[in-house]
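Novice: For reference, the sequence and a predicted model appear below.
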Amino acid sequence: MLPKFLYIGGDKCGSSWIQSILQWHPQVKVPEAKELFFFDKNYDRGLDWYRSYFTTQPEQTTSGEVCHDYLYESECVDRIANDLPDAKLIVCVRDPVARTYSAYLFWKRHDLYRGSFAEFVDFCPEAIDRSCYGKYLKMYLSRFEKQQFAIFDFAQLQRSPTDFAKSLFTTIAVEPLSIPAKLHGATLPAALPRVKAIARFSWIAGQTARSLGFPSLVGKIKSSQAIQSLLYRKIKDEEKSQVEPEIAEKILGHCLESTAFVDENFGTNFVSSWHEPRK
């Protein structure tokens with residue numbers, strides 16, 4: 001069978017945690033590996049390759065994939081619309097400043113960047129652009145009905161993981177079970193490499209394994225607490241830099257029109273939540 005729902009984005013918005021609670025739910029089938037990248041990088045492998053990851057057990061009543069890159073890649077829109085025209089599309093969004101800073105920490109985690117956050121936003125403008133959710137949702141609205149989307153707020157996940165999970169489970173039509181306490185925390189919390197060269201090599205190796213068609217291997221490594229502890233250490237609060245007001249204003253200004261688009265089309269209030277408190 002093919003999946004009935006897709007988490008299409010954004011990135012740095014709790015996708016690893018969402019993957020973990022979906023894997024935990026007995027009625028849900030998701031691949032062991034988050035991000036099969038079928039609709040962007042692996043489409044030439046064909047639907048049979050993709051379908052092979054969604055073999056369900058009798059108790060599993062639905063299936064889906066978590067791949068946060070689908071939101072951002074224009075070629076995914078038509079491919080998903082053609083192959084999964086009735087799919088539920090799940091999107092989780094986050095304050096653009098916090099999301100961009102989280103992207104910066106991701107680059108630091110894998111030793112892909114060593115400068116300051118202020119330098120990073122100029123070095124990698126895409127990191128800001130990926131917080132312009134409306135820009136990308138507009139592409140999807142050209143092929144999908146609004147009622148096929150479920151928009152979630154990362155802030156709700158932070159406030160109440162249990163309520164967030166129940167809302168997600170209801171969205172995909174499975175029993176809204178209460179998740180255990182062990183799943184309340186971050187799945188891949190912000191971290192720094194213990195040895196920079198090894199961290200960078202492990203990231204490159206993971207990308208290579210995915211490109212060769214071994215996403216499950218990557219999934220097992222990423223979900224192994226022992227391996228993660230060997231490679232990384234949790235970042236301390238004092239090691240996180242303060243976001244300068246002018247940098248925050250730059251990010252929010254870039255994303256304002258796009259945020260307003262989300263509010264206008266999906267009945268949310270992210271402009272007031274993200275932009276107005278900083279005025």
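Specialist: That came through, no problem.

Novice: From Phe201, how far out is Val271?
Specialist: 42 Å (C-beta to C-beta, to the nearest Å). Using the backbone N, CA and C atoms, a C-beta is placed for each residue, glycine as well.

Novice: cool, and Leu177?
Specialist: 39 Å.

Novice: Could you do Gly9 as well?
Specialist: For Gly9 relative to Phe201 (C-beta to C-beta), the value is 27 Å.

Novice: Among the two, which residue is more densely surrounded?
Specialist: Gly9 (27 against 14; other C-beta atoms under 10 Å).

Novice: and Phe106, what is it in contact with?
Specialist: Phe106 is in contact with Lys12, counting by C-beta atoms under 8 Å, 6 or more residues apart in numbering.

Novice: any idea which helix or strand carries it?
Specialist: helix 96-109 (DSSP states H and E).

Novice: pLDDT on that helix, on average?
Specialist: Summarised as a single mean, pLDDT over helix 96-109 is 93.

Novice: list the helices and strands the helix or strand following that helix packs on?
Specialist: Note on helix 96-109: by DSSP H and E, the next helix or strand toward the C-terminus is helix 117-123. Judged by 3 or more C-beta pairs under 8 Å, 6 or more residues apart in numbering; DSSP states H and E, helix 117-123 is in contact with helix 96-109, helix 126-129, helix 245-266.

Novice: what residues does helix 117-123 touch?
Specialist: Against helix 117-123 from outside (C-beta under 8 Å, 6+ apart): 100-101, 104, 107, 113, 115, 127-128, 241, 243-244, 247, 250-251.

Novice: Kindly recompute the last result at 7 Å.
Specialist: 100-101, 104, 113, 115, 127-128, 241, 243-244, 247, 250-251 (C-beta atoms under 7 Å, 6 or more residues apart in numbering).

Novice: Name the residues of that helix that are buried.
Specialist: By 16 or more other C-beta atoms under 10 Å, the buried positions in helix 117-123 come out as Phe117, Phe120, Val121.

Novice: show me where the stretch 151-279 of the chain has strands.
Specialist: 191-193, 232-234 (DSSP state E, counting those that start in this stretch).

Novice: Span of stretch 39-56 from start to end?
Specialist: Start and end residues of stretch 39-56 are separated by 21 Å (C-alpha to C-alpha, to the nearest Å).

Novice: Buried ones in stretch 67-77, by neighbour count?
Specialist: Taking 16+ other C-beta under 10 Å as the criterion, stretch 67-77 shows Cys67, His68, Asp69, Tyr70, Leu71, Tyr72, Glu73, Cys76, Val77 as buried.

Novice: Low-confidence bits of this structure, can you list those?
Specialist: 188, 192, 203, 216-223, 238, 277-279 (pLDDT under 70).

Novice: Would you format the strands of the stretch 151-279 of the chain as TSV with mean neighbour count and distance to Gln207 included?
Specialist: Converted to TSV, the strands of the stretch 151-279 of the chain look like this (neighbours: other C-beta atoms under 10 Å; distance: least, C-beta to C-beta, whole Å):
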stretch	mean neighbour count	distance to Gln207
strand 191-193	18	16
strand 232-234	15	17
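
Novice: Mind checking the ones you listed for the one nearest to Arg45?
Specialist: strand 232-234 (30.8 Å; C-beta to C-beta).

Novice: Packing partners of that closest one?
Specialist: strand 191-193 (3 or more C-beta pairs under 7 Å, 6 or more residues apart in numbering; DSSP states H and E).

Novice: can you give me the helices for this structure?
Specialist: 15-24, 47-51, 74-83, 96-109, 117-123, 126-129, 133-141, 154-159, 161-171, 196-211, 215-223, 225-231, 245-266, 270 (DSSP state H).

Novice: and the fourth one, how far from the chain's centre?
Specialist: Centroid separation for helix 96-109 versus its chain: 13 Å, with C-alpha atoms, centre = their mean, to the nearest Å.

Novice: between it and helix 245-266, how many degrees?
Specialist: 120 degrees (axes from the mean of the first three to the mean of the last three C-alpha atoms, to 10 degrees).

Novice: And for the first one?
Specialist: Relative orientation of helix 15-24 with respect to helix 245-266: 40 degrees, computed using the same axes, to 10 degrees.

Novice: buried residues in helix 15-24?
Specialist: Ser15, Ser16, Trp17, Ile18, Gln19, Ser20, Ile21, Leu22, Gln23.

Novice: again, but for the second one
Specialist: Along helix 47-51, the positions that meet the burial threshold by neighbour count (16+ other C-beta under 10 Å) are Tyr50.
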